[in-house]
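J.: The following block contains a protein sequence and its predicted model.
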Amino acid sequence: MKVVEHFLSIQGEGLQMGRLTYFVRGAGCNLRCSWCDTGYALSDSDATMDLSVDELMDIIGDVGSVCFTGGEPLHQKDAAEFLQRLADAGKTTVLETNGSMDLSVVPSSPNIIISMDVKCPSSGMQDRVRISNLAYLSRKDQLKFVIADRTDLEYAETFLREHPVDTNVIFSPVGGVSLGMLAEEVVDRKLDVRVLPQLHKIIWGDRKGV
Ligand SMILES: C[S@@+](CC[C@H](N)C(=O)[O-])C[C@H]1O[C@@H](n2cnc3c(N)ncnc32)[C@H](O)[C@@H]1O
Ligand SMILES: Nc1nc2[nH]cc(C(=O)O)c2c(=O)[nH]1
Ligand code: SF4
Ligand SMILES: [Mg+2]
């Protein structure tokens, strides 16, 4: 596994928000979202270490919650093996994936929470979503829309109307965009979604390793 960083922190996103979590950030991504807050992890050459799955399991130790992210974690050749080992060890693992990578490779386990993005127009990557991935999402998983503006919001609303999915839907503002604006729009439109911030940025600001 080409790893950029790994660290113990508090889960800052999604339904596991607030939980002590061990983060593993893989190097390399096949997309280039305009607002990506992890530009330091988008190339394979951003890797600072090459770790085996055994080494990663030793590093994670007895921490019960893991977030496998990136970059794009499914870009890693041993992603499925890592996910299977985490699931077999009984760890709750959130897989933060960008929606363009085939989810059929993800082991089926109640311990693996797929957190799939649908990229909205502001990202410049909205055409990269793999619609067939929606079939792999269930009630344990989450579908995340990162929203920069009203165009994104309307895109997300239309997407959900055209592709109803029985999973948890999260609207999260692009860093720096008003959470209040997003919340008011969701209330006005009576959208059955969760409006969530990035908790780690509220605690520590926008920086690496947290
Ligand atoms: C850094 S990405 C890595 C995982 C995967 N590549 C993806 O995009 O889902 C992790 C999460 O952070 C979100 N994200 C990235 N930049 C952001 C920003 N500037 N503001 C809010 N969320 C952001 C992504 O949309 C994604 O849900
Ligand atoms: N604390 C913290 N929580 C996170 N949840 C998802 C993250 C990510 O970059 O994928 C992330 C992150 O970078 N930090
Ligand atoms: S897919 Fe994820 S890691 Fe890749 S550019 Fe977009 S937000 Fe950043
Ligand atoms: Mg992050």
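T.: Received the coordinates, thanks. Residues are numbered from 1 along each chain as shown. Ligands and ions are numbered 1, 2, ... in the order given.

J.: In which helix or strand does S172 reside?
T.: Using DSSP states H and E, S172 sits within strand 168-173.

J.: the inter-axis angle of the helix or strand containing F159 versus strand 168-173?
T.: Take DSSP H and E as the rule and F159 turns out to sit in helix 150-162. Between helix 150-162 and strand 168-173, the angle comes out at 170 degrees (axes from the mean of the first three to the mean of the last three CA atoms, to 10 degrees).

J.: Which neighbouring elements make contact with helix 150-162?
T.: strand 142-147, strand 168-173, helix 179-189 (3 or more CB pairs under 8 Å, 6 or more residues apart in numbering; DSSP states H and E). Quick note: C-beta positions are derived from backbone N, CA and C, even for glycine.

J.: need the helices for the chain, in chain order.
T.: Using DSSP state H, the helices of the chain run over 53-60, 79-88, 150-162, 179-189, 199-204.

J.: The last one near ligand 2 anywhere?
T.: Yep, that's helix 199-204 we're talking about. Yes: residues of helix 199-204 contacting ligand 2 under CB under 6 Å from any ligand atom: H200.

J.: For that helix, which residues meet the burial criterion?
T.: L199, H200, K201 (16 or more other CB atoms under 10 Å).

J.: ok, the first one - contacts?
T.: Residues in contact with L199, defined by CB atoms under 8 Å, 6 or more residues apart in numbering, are I10, Q11, G12, E13, M17, G18.

J.: again, but for Q84
T.: Neighbours of Q84 in contact, by CB under 8 Å, 6+ apart: P107, S109.

J.: how near is it to E72?
T.: 18 Å (CB to CB, to the nearest Å).

J.: V174 too?
T.: 18 Å.

J.: Neighbour count for the two, which is higher?
T.: E72 (23 against 20; other CB atoms under 10 Å).

J.: what's the spacing between the more buried one and ligand 1?
T.: 4 Å (CB to the nearest ligand atom, to the nearest Å).
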